[in-house]
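A.B. asks: Compute the structure for the input listed below.
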Amino acid sequence: FRIFGPDETASNRLQAAYKVTKKQWDAGFYEDEANDELLAGSGKVVEQLSEHQCEGFLEAYVLTGRSGVWSSYESFVHVVDSMVNQHCKWLEATKREIPWRAPISGLNILLSSHVWRQDHNGFSHQDPGVTSVLLNKCFHNDHVIGIYFATDANMLLAIAVAERVYQSTDCVNAIFCGKQPAPTFQTVDEAKAELAEGVANWEWASTADSLGEADVVVATCGDVPTLEALAATDMLRELGIKVWFVNVVDLLKIQNVCENDQAISDERWAELFGCGEKPVLFAFHAYAGTIRRLIWNRPGHDAFRVHGYEEKGSTTTPFDMLRLNNMDRWALAADVLRMVDADKFAEQIDEWEAFRTEAFEFACDEGFDHPAFTDWVWPDAAAATAADSSRRMAVRGVRVVISALEASETFWKMVISSMTAKLTAKGSRLLF
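C.D. replies: So this is what the prediction gives:
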């Protein structure tokens, strides 16, 4: 197994690999300790500032019967579009015409530096179009493409390690998961369960008990769109809007059944998204047209309104990047209100649209994003954090009492015994 990358292993936040291996380097090392400490004559990380070389290295490596992964910036994978295309054609030919050819490991591409968080790089680094290129190979049920959007770290573990891409054969896998610190929404077991089908209703995020009860379906695919859609759902909850929340991790599972015999059935589709009787807002990581291209033959596809990257960007803040492309939580929530009852909620829509401008102006004036954007957390997480803080404060209070006490030994024991019993009953852990 090897990790290939165009001099970006650490930039893509994969530096933990250096705890168990080094960069392979055969041209002399330890001549400059500050720069050469990670170099070794034998290592599992291969870096060269050339996407062509890295893709070629990995392609040749898997053809020998071994496996690996190549990490790169999302926008620069386009540099090797034709190379990936030719590898896919070779796989298609072997599947269709050469059944005796032994399977080879999947060609795994990890994209952790993606379009939504290029805060200091700007417009040149903002392009999620590789998804559209890969879809060109999703015909005739050859199944030579896998496209996965991890919502959090546990889903990435399920995709990469436990379940899927490192065990796959005869395919190209693209895994999208941002490198910036972000919330974790699921346990590993929950992530595995969702990955098994590729799409799931998130009951904990839904404010409707069923699809039939919902006013709207909010669907997501991608880590940043999911976070924004969750925040929008929280805003809509306060207005009494009932949301049925659906997350897609394996993009090809929602493809038309007539084009993909491994996609979910139309019956299962109806259970998740309905058949047009409910409006569906879909927040997607890449270009909106990708979703329309996938679901044109699905029941009720006309009910979908897709938000995606709109080819707008700059060297700007995380919120402003979302605002420019109408992916921020206020834009999503306002669009839901338009879909549910634009006239009834006109005033609230105007208020949220005005705040988008206000938050942008705040970022311009202060150089960082508005606290309403940066400080939000899911309500259940906020409650758990508050409860944990209360327990910690209680424990610290015990410490203060103990250090201040100069009373008799009997009184001291009585206080400690009483406080310990109360805190233990509440599930607190005491440290003395």
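
A.B. asks: Residue 323 contacts residue 360, correct?
C.D. replies: Yes - between residue 323 and residue 360 there is a contact under C-beta atoms under 8 Å: 5.8 Å. For glycine as for every other residue, the C-beta is placed from the backbone atoms N, C-alpha and C.

A.B. asks: Show me the helices in the stretch 51-200 of the chain, by range?
C.D. replies: Taking DSSP state H, counting those that start in this stretch to define them, one finds helices in the stretch 51-200 of the chain at 51-63, 81-97, 130-135, 153-157, 188-197.

A.B. asks: So which of those is nearest residue 370?
C.D. replies: Checking the helices of the stretch 51-200 of the chain against residue 370 by C-beta to C-beta gives helix 153-157 as the closest, at 26.1 Å.

A.B. asks: which residues are contacting that closest one?
C.D. replies: By C-beta atoms under 8 Å, 6 or more residues apart in numbering, the residues outside helix 153-157 that reach it are 150, 175, 177, 182, 184-188, 190-191, 194-195, 249.

A.B. asks: Name the nearest residue to residue 222, ignoring sequence neighbours.
C.D. replies: residue 285 (2.8 Å; C-beta to C-beta, 6 or more residues apart in numbering).

A.B. asks: And for residue 113?
C.D. replies: Once flanking residues are discounted, residue 113 sits nearest to residue 73: 4.3 Å by C-beta to C-beta, 6+ apart.

A.B. asks: residues near that neighbour, how many?
C.D. replies: Residues within reach of residue 73, counting by other C-beta atoms under 10 Å, total 23.

A.B. asks: wait, what's in contact with it?
C.D. replies: By C-beta under 8 Å, 6+ apart, residue 73 lies in contact with 8, 12, 111, 113-114, 125.

A.B. asks: For it, give its distance to residue 127.
C.D. replies: As judged by C-beta to C-beta, to the nearest Å, residue 73 and residue 127 stand 9 Å apart.

A.B. asks: now swap in residue 254 and tell me
C.D. replies: Applying C-beta to C-beta, the value for residue 254 to residue 127 is 23 Å.

A.B. asks: Tell me the confidence at the residue nearest to residue 113?
C.D. replies: Reading off the confidence values, residue 73 has pLDDT 87.

A.B. asks: check contacts around residue 254.
C.D. replies: 198-199, 248, 263-264, 269, 291, 294-295, 298.

A.B. asks: Over to residue 262?
C.D. replies: Applying C-beta under 8 Å, 6+ apart, the residues near residue 262 are 141, 143, 252-253.

A.B. asks: I'd like those written out as CSV, with distance to residue 281, neighbour count and pLDDT added.
C.D. replies: Shown next, in CSV, are the contacts of residue 262 (distance: C-beta to C-beta, whole Å; neighbours: other C-beta atoms under 10 Å; pLDDT from 0 to 100):
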residue, distance to residue 281, neighbour count, pLDDT
141, 30, 10, 91
143, 30, 18, 95
252, 21, 20, 97
253, 19, 19, 98
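
A.B. asks: can you tell me which two in these are farthest apart?
C.D. replies: The widest separation within these (C-beta to C-beta) is 13.8 Å, between 141 and 253.
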